[in-house]
Each structure stands twice: as structure tokens, then as C-alpha cells.
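Participant: requesting a structural model of the entry that follows:
(2 chains)
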2 protein chains.
Amino acid sequence: MPILKTIKSRRSIREFKDKPVEQSKIIKILEAGRWAPSGLNNQPWKFVVVRDKEVRSKLAECTESDDVVLGAPVNIAVFLDKGREYNRIKDIQAIGACIQNMLLEVHDLKLGACWLGEILNQRTKVEKLLGVSKKLELMAVIAVGYPKAKKRRGSRRSLRSQIIKNYSIKN
Amino acid sequence: MPILKTIKSRRSIREFKDKPVEQSKIIKILEAGRWAPSGLNNQPWKFVVVRDKEVRSKLAECTESDDVVLGAPVNIAVFLDKGREYNRIKDIQAIGACIQNMLLEVHDLKLGACWLGEILNQRTKVEKLLGVSKKLELMAVIAVGYPKAKKRRGSRRSLRSQIIKNYSIKN
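Facilitator: So this is what the prediction gives:
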């Protein structure tokens, strides 16, 4: 499948089958993430893979998307390692690139995922729950599993509205 | 090609052939970018496509990577539209996801690109040069063209060093 088709057909998945995700697939998803580019190749990401139901239940208490966290057999918490930080804007962009790689790999594996951001409102609670170092700042949780829900149509504003100037066409 | 292979074989390209990039390919690259996910689907990105040599020369003066900007027939400036901002961290992550989509599409099209970040040091100069609205904040410049240089090996730290906990394996 050309990559543009993979990119355009990916959707957020919020409902999952009651079926575990193979460890080999989790590894592939993390592999995709860690091969993202980053400024000075500083690779500022760290991952916590949560499959344990008890831990997931506590994680679910930290977000309004509790059904997604509980319903997904795997939750990958993504952290910014401030011990590796060199420029906050570029490091956060790198985290975004890393997450997008994971989402694309998820889709390619015929799994589904939901990128959870609202959970950042309770990030210190999550950091404590997962017992991570004080240098790590929660950036997102990715809920992963076999998709149950039918795919919805995606929508984006027109490309025309997003290109503000094009110096190839004199303006 | 499986997406993981595309992800892992992508490299930063800093030297380009003296060959223009087809407009249809530029559109595909921007399409890939605009189909990135974003918080509340707010799509906080805006693009300026620079092909004009005179503008590129002035852009090159804003960065130490002047040879890359001048050598690449196309430079795509990526902006955060603060008029659409809802959460700065998540919006910057979305910009990172958008850029990564573009880099993957570039690679899939057998083009090469370099993600320039150091140019942010002179972002107000770039914003003035390109004459963008005060609501737009420069996030990166992507230099794009047909690759000249041979591919270098990429390197990443081990996955083991990046997974800090794995609750599927009791610890």
C-alpha cells in the first residue's frame, strides 16, 4: 500500500475486540516509534507498555477516556525524557513524529489505536502510578488493540486553505 | 514496502540534484502532512512552499544550513497557526506528526528531505521574509529535492534502553 494511502486511511479507534495483541506486534510498533527523527538525533522518547489489567484500571481513572484505556488490551505511555532535552519545541515535535510512526505501524498491522491527550491533565498522577523518574514528562497515551468499531470517515480542511503562499507561482 | 521498512530506511538528505521537483509530488507531500492527526482535529499547521530562487537565497541567510536551503529546489516552511491553538504541547506534537508524514511521503516518492530546526533561531526574520500573519509561528523548514548523496547508515539507541517498564512482564 503506498504510504499516502496508509496515512489517509488511518482513523482513531476507540473500541477494541477482547483479544490480546501479540508481543511481536508491540515490538514492531515501538520500533516504528524509535526510528523517528529528532533534533541532533537525541531520541527524547521513553515508553511504558501497560498490559496489566489492574494498572490499566488505575490509568483509566486518570482520564475521561476511561472506556478506551480499559477496552484496549495495551496502552503505551509515551514520555519526554527531560534528561535528553536540548530544545523543548523540537523535542516535542520529535515526540509527535514518534507517535505518528507508531500510529501508522499500528494501522499497517491491521490494529487500531487512539492517541489520548486529555490524560495530560492528570499527568503527575499517571507519572506516579507508573513510577517513572522525575525526569520523565508524560506526552500521550496510545491505546492499542484489534479494532471493533467500523471505520468512520475522516475529514480535513482543504489543502488550499492550508497553503498560505507558494513562491513557485509568482504572487 | 511495509511501512516499518519505509520508516527505518528514511534518512536526512542534505545534497540534492539540480533537478526540479514536480508540482504533483509537492502536492502529495502536503497531502500527507495535512492528514496527520491533531488534538480535536484542529489541524494547526500552515505551509509556505518556496521554490523561487531569490526567496530561497534570503531564506538561506537565516540558517547555518544555507547550503541545504539553496541546494534544495523546494523548501516547505511549516507554521503553527496560533489562531487554531488549543493546547500548545499537543499542537506542537501534531506539527511533528505532520512533518513526519511529509518526510515519509518524500521518501516513498524517492525524493530526499532535510528537516531543518536550527533556522528557528531566526524565526522572526523568516516570518518577515515570507510575509506571514503574526498568528503564525515558524516550526521548521523542510528542504526537498532529488537526493544526490549516498545514504548513510542511521543509528538509534536500543529499544531496550527506551522501554522503561513493561507491565505485561511482571516487574
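Participant: what is the burial count for the residue in chain A positioned nearest to chain B?
Facilitator: In chain A, the residue that lies nearest chain B is A:Gly96 (2.5 Å; C-beta to the nearest C-beta). (Each C-beta comes from the backbone N, C-alpha and C, glycine too.) When neighbours are counted by other C-beta atoms under 10 Å in any protein chain shown, A:Gly96 registers 30.
Participant: show me what contacts the closest residue to A:Asn42 other than its chain neighbours?
Facilitator: By the measure of C-beta to C-beta, 6 or more residues apart in numbering or on different chains, the closest residue to A:Asn42 outside its immediate chain neighbours is A:Arg84, 5.1 Å from it. Counting by C-beta atoms under 8 Å, 6 or more residues apart in numbering or on different chains, A:Arg84 makes contact with A:42-44, A:91.
Participant: reformat those residues as CSV; add secondary structure, distance to A:Glu127 and pLDDT.
Facilitator: Shown next, in CSV, are those (DSSP: H, G, I helix; E, B strand; the rest coil; distance: C-beta to C-beta, whole Å; pLDDT from 0 to 100):
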residue, secondary structure, distance to A:Glu127, pLDDT
A:Asn42, coil, 21, 96
A:Gln43, coil, 20, 96
A:Pro44, coil, 16, 97
A:Asp91, helix, 17, 98
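Participant: report the buried members of those residues.
Facilitator: Applying a neighbour-count criterion of 16 or more other C-beta atoms under 10 Å in any protein chain shown, the buried members of the contacts of A:Arg84 are A:43-44, A:91.
Participant: in TSV: these, plus distance to B:Met139.
Facilitator: Formatted as TSV, the buried ones among the contacts of A:Arg84 follow (distance: C-beta to C-beta, whole Å):
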residue	distance to B:Met139
A:Gln43	20
A:Pro44	16
A:Asp91	13
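Participant: ok so, going back, just the pLDDT for the residue of chain A closest to chain B.
Facilitator: In this model, A:Gly96 is scored at 98, pLDDT.
Participant: where does pLDDT dip in chain A?
Facilitator: Within chain A, the set of residues satisfying pLDDT under 70 comprises A:149, A:166-171.
Participant: ok, which stretches of it are helices?
Facilitator: With DSSP state H as the criterion, chain A has helices at A:3-9, A:23-34, A:53-60, A:66-71, A:88-108, A:123-130.
Participant: look up how far A:Gln43 lies from A:Asp91.
Facilitator: For A:Asp91, the distance to A:Gln43 equals 10 Å [C-beta to C-beta, to the nearest Å].
Participant: leaving out chain neighbours, which residue sits closest to the residue of chain A closest to chain B?
Facilitator: Distances taken as C-beta to C-beta, 6+ apart place B:Gly96 nearest to A:Gly96, at 2.5 Å, with adjacent residues excluded.
Participant: residues contacting that neighbour?
Facilitator: Residues near B:Gly96 by C-beta under 8 Å, 6+ apart: A:92-100.
Participant: on that earlier part again, measure the residue of chain A closest to chain B to B:Asp91 for me?
Facilitator: From A:Gly96 over to B:Asp91 the distance is 9 Å, taken as C-beta to C-beta.
Participant: A:Val49 now?
Facilitator: 26 Å.
Participant: and A:Asn41, by the same measure?
Facilitator: 24 Å.
Participant: likewise A:Ala77?
Facilitator: 20 Å.
Participant: neighbours of A:Ser155, how many?
Facilitator: Using other C-beta under 10 Å, A:Ser155 has 7 neighbouring residues.
Participant: doesn't A:Ala113 make contact with A:Val68?
Facilitator: No. The pair A:Val68 / A:Ala113 is not scored as a contact, 9.8 Å apart, by C-beta atoms under 8 Å.
Participant: what about those two, which has more around it?
Facilitator: Using other C-beta under 10 Å as the criterion, A:Val68 and A:Ala113 rank with A:Ala113 on top: 31 against 23.
Participant: who's that one bridged to?
Facilitator: Beta-bridge partners recorded for A:Ala113 (DSSP bridges): A:Ser12, A:Val144.
Participant: that one contacts A:Leu104, correct?
Facilitator: No. A:Ala113 lies out of contact with A:Leu104 (C-beta under 8 Å); the separation is 9.8 Å.
Participant: circling back to that earlier point, what's the most buried one of the helices of chain A?
Facilitator: Of all the helices of chain A, helix A:88-108 has the most neighbours on average by mean count of other C-beta atoms under 10 Å in any protein chain shown, namely a mean of 26.
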